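K.L.:
dropping a prediction and its sequence here:
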Amino acid sequence: MKDYLIDTHAHIDMSINDETTLKDIIKDMNDAGVKKAIIPAVEISTQDKVVELANSDENLFGMVGLFPSEAKTYTPEFELKMETLAKNNNKIVAVGEIGLDYYWDKSFIDLQKEVFIKQIQLAKRLNLPIVVHDREAHKDSFDILKEQNAKNVLFHCFSGSVEFMKECVKEGWYIALGGVVTFKNAVKMKEVAKEVPLDKLVLETDSPYLTPVPFRGKPNKPAYVKYVAEEISKIRGIPLNELTDITTTNAERFFGI
Ligand SMILES: [Zn+2]
């Protein structure tokens, strides 16, 4: 039985600052029973940093990828760079976070789609799983992934309905839930947490964003994935150690770590 948690989505590169070192972050993780964390990539300028962090500790892993709002910066050279980084570093375990975001800016949807498709194809060439960012773009994200015949897919910070969750699970895709599930008014997410098949569920923080209760308003950190686990175990009415075992097993299977 696995007795440690995994934070499948932690922007550790963004959490490091004058007051917080990588050592602090890892110590807090260890104290909270969180053994591993996976760091998504967002911008062109931070890909190297993610790789460096992943290579600096055996329990850290990374992704290569461009966030949808950054689509205008995508170039063939950058694609080649991601491909090379992923091929040369076995701690790069996914392509992400990639997808569609219709919340921040809807003025270049076609370009977002194009860049999403290119990165899905990159993931397939690399034989790596895909971590999807889908904000207010459920249908288009789903359709593109289907069209591209993407198999190893995880919806990070899942924000759809129970019905949409069921559609995704039917495709064999995974659902990642984070701090939002602890918010009192997050009725829809609590419903998803209750209904999602346990063999398709993984946990995340999206730190430094989306800090769970009881630390809302403060910066989030990977250690706080334990509050996500506690809330979901309550919602499901199953022991915390059981939820820990299954979500950790899922994450290790999905990312091959
Ligand atoms: Zn993220």
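P.N.:
Sure, I can see it. Residues are numbered from 1 along each chain as shown.

K.L.:
now do the strands in the stretch 101-250 of the chain.
P.N.:
130-135, 153-156, 174-177, 201-203 (DSSP state E, counting those that start in this stretch).

K.L.:
mean pLDDT, mean neighbour count and distance to residue 65 for these - can I get that in CSV?
P.N.:
Where you see a C-beta, it was placed from the backbone N, CA and C, and this is true even at glycine. Below are these laid out as CSV (pLDDT from 0 to 100; neighbours: other Cβ atoms under 10 Å; distance: least, Cβ to Cβ, whole Å):
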stretch, mean pLDDT, mean neighbour count, distance to residue 65
strand 130-135, 98, 26, 7
strand 153-156, 98, 26, 11
strand 174-177, 98, 26, 15
strand 201-203, 98, 26, 17
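
K.L.:
in stretch 177-188, what's buried?
P.N.:
177-182, 186 (16 or more other Cβ atoms under 10 Å).

K.L.:
how far is it from where the chain is centred?
P.N.:
Chain-centre distance of stretch 177-188: 16 Å, with Cα atoms, centre = their mean, to the nearest Å.

K.L.:
put the alpha carbons of stretch 77-87 into PDB.
P.N.:
C-alpha atoms of stretch 77-87 as PDB (Å, rounded to 0.1, in the frame of the first residue of the first chain):
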ATOM      1  CA  GLU A  77      12.400  26.200 -33.200                       C
ATOM      2  CA  PHE A  78      10.600  26.100 -29.900                       C
ATOM      3  CA  GLU A  79       9.000  22.800 -30.800                       C
ATOM      4  CA  LEU A  80      12.400  21.300 -31.600                       C
ATOM      5  CA  LYS A  81      13.700  22.600 -28.300                       C
ATOM      6  CA  MET A  82      10.900  20.900 -26.400                       C
ATOM      7  CA  GLU A  83      11.500  17.700 -28.300                       C
ATOM      8  CA  THR A  84      15.200  17.800 -27.600                       C
ATOM      9  CA  LEU A  85      14.700  18.500 -23.900                       C
ATOM     10  CA  ALA A  86      12.300  15.700 -23.500                       C
ATOM     11  CA  LYS A  87      14.400  13.200 -25.400                       C
END
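
K.L.:
residues in contact with it?
P.N.:
Outside stretch 77-87, the residues that touch it by Cβ atoms under 8 Å, 6 or more residues apart in numbering are 44, 47-48, 51, 64-66, 92, 95, 118-119, 122, 125-126, 128.

K.L.:
how about 6 Å then?
P.N.:
Contact with stretch 77-87 is made by 44, 51, 64, 92, 126, as judged by Cβ atoms under 6 Å, 6 or more residues apart in numbering.

K.L.:
contacts only, for the fourth one.
P.N.:
So the one you mean is residue 92. 62, 64, 86.
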